[in-house]
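# Using only what follows, build the 3D model:
(one chain, ligands or ions: 1)
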Amino acid sequence: MPGTSVIGLQWGDEAKGKLVDLLAGEHQIVVRYLGGANAGHTVRVGASTYTLHHIPSGILYEGVQNIIATGVVLNPKTLLEEIRQLASRGVHCEGRLWISDRAHVVFPWHLEEDRLINEAMVVGEKLGVTLRGIGPCYRDKVGRTMAVRLGDLYRPALRERIVEIARVKSRMLSGWAGRPVELDGDRIYEEYRGYAEQLAPFVRDTNAFLLDAVEQDCRILYEGAQGALLDVDHGTFPFVTGSNSSGVGVSAGAGVPARWIHKTYGVVKAYSTRVGGGPFPTELENELGQLIRERGREYGTTTGRPRRCGWLDVVAVRYTARLSGVDVLAVMMLDVLSALDELKICVAYELDGRRLEHFPSHVDDLRRVQPVYETVPGWRCEISDVRSYEALPLEARRYLERISQWVGRPIALVSVGPERNQTIFLENGQSGHAQPASSRCTA
Ligand code: IMP
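Numbers count the residues shown, from 1 in each chain. Model prediction:
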């Protein structure tokens, strides 16, 4: 099964980076296909911790090719910093990292726009965006007239284009800000030409590369970012990100037909977290939530914001697992719950006196639901040294079984700590990518 995808089933931060890292070595190509510098994937290898924003985690494996595909919105400055940081630790991207010339580029006006809109919109709850220009860049992509793709940076008339966009954006931003905002188009052009020169060795038509690769049966891992509940169409709109971050977005973002994605891992944190605004039915705004935050070190990788914490919500996860075509689950950060006497799983909602078993489509309804909980006993002992399912406390196994039953998918692996070896593989859903490389794959 050469095409595998990894999708977060909650609001992001499900520890996908660790799973991608575990799977990357079994693949020839790892593809990041959506989002941008809003993501922060943490991978811990021995004493080293790597935080990657754009670059796929496969970069840590020699011999793995890494693609930043068309659906990504790229901040060239941040990306170059990532490349430099990796190089300073002996990880070199040359010849192993390829960036789509179709990917859209984040410009200073996008960052300014994100900030101004976030400040200006005061009616109702704020989206709480990461301020990385993600929404504005996707908005320009859909709007087209003021969009710049990576490949455009190498074309003639770039200066005129950037100067023209900067002029129009200055007028727009001045209106939004209620004060003059001056964008210096010539300076931005010089800055971005510089980035373009440095990125030139990495830029190519990744659609062509990936279409060749799938037809040659290459083993490809599609690395999701954010989480399915943040999907712009299918998530908790408008409290979402700007892209299709559920499983249905893999194909469009990567430029690969869905028929080439053969196995999907749904990544679930053993509890729920959310950063930014929006309804969160199982949120624990109390000491228990604080305890989970501290034990799980639940502070944003990209922004450092404290994450909101709460009980696991299997109504939401069942929805996103089905939406994303999930085959097996990876349950992460189970060890964080070891301190608790009992655990609650939200198995249904109540809305206006009626029991709901499906995830509401409108955020106003989600705001009004009351969680219906199933309570299970906790295990009250540390499990971070456990390496087999059988050695887990009975209560921990029960908790996992209930998750699997409610979501309706088998569990393939359980993570009990950040290290690669703090992982328990379960027999019935194990990753199973052991087949040898196809001799036809030239990637
Ligand atoms: P944006 O992606 O910066 O536009 O932010 C939109 C919403 O998605 C905000 O609530 C962010 O906190 C959330 N978000 C974006 N990226 C991530 C992520 O990688 N992890 C968790 N939340 C994210």
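# So which residues on the protein come close to the ligand?
Applying CB under 6 Å from any ligand atom, we find that the chain lies next to the ligand at 11-13, 38-39, 127-130, 132, 134-135, 225-226, 230, 239, 241-242, 275-276. Where C-beta positions appear, they are placed from N, C-alpha and C, glycine not excepted.
# Let's see which of these end up in helices.
Ile134, Gly135 (DSSP state H).
# which of the residues of the chain next to the ligand are buried?
11-13, 38-39, 127-130, 132, 134-135, 225-226, 230, 239, 241-242, 275-276 (16 or more other CB atoms under 10 Å).
# roughly how far is stretch 257-275 from the heart of the chain?
Remark: stretch 257-275 is offset 9 Å from the chain centroid, using CA atoms, centre = their mean, to the nearest Å.
# check contacts around whatever residue of the stretch 151-300 of the chain ends up closest to the ligand.
Using CB to the nearest ligand atom, the single residue of the stretch 151-300 of the chain nearest to the ligand is Gly276, 2.1 Å away. The contact partners of Gly276, by CB atoms under 8 Å, 6 or more residues apart in numbering, come to Lys126, Leu127, Gly128, Val129, Thr130, Phe239, Arg305.
# For those, please prepare CSV with the additional fields pLDDT and distance to Pro418.
Output for the contacts of Gly276, formatted as CSV (pLDDT from 0 to 100; distance: CB to CB, whole Å):
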residue, pLDDT, distance to Pro418
Lys126, 83, 31
Leu127, 85, 29
Gly128, 85, 26
Val129, 88, 27
Thr130, 90, 22
Phe239, 94, 28
Arg305, 86, 20
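# Point out where the stretch 301-443 of the chain drops to low pLDDT.
Residues of the stretch 301-443 of the chain meeting the criterion pLDDT under 70: 428-443.
# Next, count neighbours for whichever residue of it sits closest to the ligand.
The minimum distance from the stretch 301-443 of the chain to the ligand, using CB to the nearest ligand atom, falls at Thr302 (6.4 Å). Thr302 is flanked by 19 other residues according to other CB atoms under 10 Å.
# residue boundaries of the strands in the stretch 201-350 of the chain?
Under the criterion DSSP state E, counting those that start in this stretch, the stretch 201-350 of the chain contains strands at 203-204, 220-223, 263-269, 272-274, 308-310, 312-313, 328-332, 342-351.
# same thing with the stretch 51-200 of the chain?
Going by DSSP E, counting those that start in this stretch, the stretch 51-200 of the chain shows strands at 65-68, 73-74, 97-100, 104-105.
# Make a markdown table out of these and add mean neighbour count, distance to Arg318 and mean pLDDT.
Shown next, in a markdown table, are the strands of the stretch 51-200 of the chain (neighbours: other CB atoms under 10 Å; distance: least, CB to CB, whole Å; pLDDT from 0 to 100):
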| stretch | mean neighbour count | distance to Arg318 | mean pLDDT |
| --- | --- | --- | --- |
| strand 65-68 | 25 | 31 | 98 |
| strand 73-74 | 24 | 30 | 98 |
| strand 97-100 | 25 | 33 | 98 |
| strand 104-105 | 24 | 33 | 98 |
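# Skipping its backbone neighbours, what lies nearest the residue of the stretch 301-443 of the chain closest to the ligand in space?
Gly40 (4.0 Å; CB to CB, 6 or more residues apart in numbering).
# how many other residues sit next to the one you found?
With other CB under 10 Å as criterion, Gly40 counts 18.
# For Leu351, the count of nearby residues, please.
14.
# what do you get for Gln290?
Neighbours around Gln290, by other CB under 10 Å: 14.
# cool, Tyr319 as well?
23.
# before we move on, the earlier item: right, and the strands of the stretch 201-350 of the chain - which one's nearest Gly63?
strand 220-223 (13.5 Å; CB to CB).
# Which parts of this structure are helices?
Using DSSP H, helices in the chain cover 16-24, 76-88, 108-120, 134-143, 158-177, 185-199, 206-215, 250-254, 287-295, 314-323, 363-368, 394-407.
# Lovely, talk soon.
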